[in-house]
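S.K.: Need coordinates for the below:
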Amino acid sequence: MILGEVVGRVWNERQVRGLEGRRLVSVRTPGAEGAVVAVDLVEVAAGNVVLLATDEAAQAAAGGDPGGVDAAVVALVSGADDLDSLR
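M.R.: Presented below is the predicted three-dimensional model:
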């Protein structure tokens, strides 16, 4: 699992079956050049610090294999020792 900061929402024009009605968000993670697009399972907002599940854990959290999810927001983080590293 990875801590990250939500950059904003991602709007898609089309998606694979299984992702219908699911929100997607862009999440910046420490040390990454870009951002990760993740399925939002907890309704977060830009600026929120979140916990990302990846790979099989993300698929399981999203309810199986909806379109091959490889990142999912599974928790809103209210505190951690080193949140400054995200900014």
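S.K.: pretty sure E5 is touching A45, no?
M.R.: No - taking contacts as CB atoms under 8 Å, E5 lies outside contact range of A45: 11.0 Å. For glycine as for every other residue, the C-beta is placed from the backbone atoms N, C-alpha and C.
S.K.: which regions of the protein sit below the pLDDT cut-off?
M.R.: 18, 65-67, 80-87 (pLDDT under 70).
S.K.: Assumed A57 was part of a helix.
M.R.: Yes - under DSSP: H, G, I helix; E, B strand; the rest coil, A57 falls within a helix.
S.K.: I'd like the numbering to begin with 21 instead of 1 from here.
M.R.: I'll keep to 21 as the first residue from here, and by that count the last item is A77.
S.K.: Leaving out chain neighbours, which residue sits closest to it?
M.R.: M21 (7.2 Å; CB to CB, 6 or more residues apart in numbering).
S.K.: between E25 and A65, which one's more packed in?
M.R.: Neighbour totals were compared for E25 and A65, and E25 leads with 20 against 11 (other CB atoms under 10 Å).
S.K.: Which of the helices or strands spans the more buried one?
M.R.: In this structure, E25 is located in strand 22-30 according to DSSP states H and E.
S.K.: Give me the residues contacting that strand.
M.R.: 43-50, 55-57, 60, 64-72, 74, 93, 97, 100, 103, 106-107 (CB atoms under 8 Å, 6 or more residues apart in numbering).
S.K.: just the CA coordinates of that strand, formatted as PDB?
M.R.: These are the backbone C-alpha positions of strand 22-30, laid out as PDB (Å, rounded to 0.1, in the frame of the first residue of the first chain):
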ATOM      1  CA  ILE A  22       1.100   3.500  -0.800                       C
ATOM      2  CA  LEU A  23       0.400   6.900   0.700                       C
ATOM      3  CA  GLY A  24      -0.500   9.600  -1.900                       C
ATOM      4  CA  GLU A  25      -2.200  13.000  -2.300                       C
ATOM      5  CA  VAL A  26      -5.200  13.400  -4.600                       C
ATOM      6  CA  VAL A  27      -4.500  15.800  -7.400                       C
ATOM      7  CA  GLY A  28      -8.000  15.800  -8.800                       C
ATOM      8  CA  ARG A  29     -10.700  13.900 -10.500                       C
ATOM      9  CA  VAL A  30     -10.300  12.200 -13.900                       C
END
